[in-house]
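A.B. asks: Predicted model and sequence follow; I will ask about them next.
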Amino acid sequence: MMIPACRLADLPRGEAHRLDIDPPVSVFHTDDGELFAIDDTCTHQDASLADGWLEGCEVECPLHASKFDLRTGAVDAPPAKLPVRTHEVVVEDGTVYVRLSTEAPNLPPCIASRLAGGPA
């Protein structure tokens, strides 16, 4: 499924745009002009990666400083252990679209427990 995220002109380099879908996805526009989309929630704990710090092709979680590679979703620094999903980004007629991955997301334990009906 491909969904519109934002206009490219509205996403400055070095910034992120969060899509409030379930689970949330963020599009990152690097200083080099590349666009990447990943699941927005850190896999360690419920924190928005769009609120983190973007450096090169990495984003640092604002909560506990886990780092994720925007190209692969891989964890580059703990405490997170699981990668985030990556999604394809397409730009057509000045609009940024995200083609969502069909893989299952890696959710932090607090969210996975809540979705399974356990304590929050």
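C.D. replies: Cool, the structure landed.
A.B. asks: Just give me the neighbour total for residue 109.
C.D. replies: Counted with other C-beta atoms under 10 Å, the neighbours of residue 109 add up to 12. C-beta coordinates here come from the backbone N, C-alpha and C atoms, glycine included.
A.B. asks: In this structure residue 49 contacts residue 41, no?
C.D. replies: Yes: using C-beta atoms under 8 Å, residue 49 is in contact with residue 41, at 7.1 Å.
A.B. asks: quick one: which of these two has more around it?
C.D. replies: It is residue 49, of residue 49 and residue 41, that has more neighbours when counted by other C-beta under 10 Å, with 29 against 24.
A.B. asks: What does the more buried one show for phi and psi?
C.D. replies: The phi/psi pair for residue 49 (degrees, to the nearest 10) reads phi -70, psi -20.
A.B. asks: how about it, what does it touch?
C.D. replies: By C-beta atoms under 8 Å, 6 or more residues apart in numbering, the contact set of residue 49 is 16, 26, 38, 39, 40, 41, 42, 59, 61, 68, 84.
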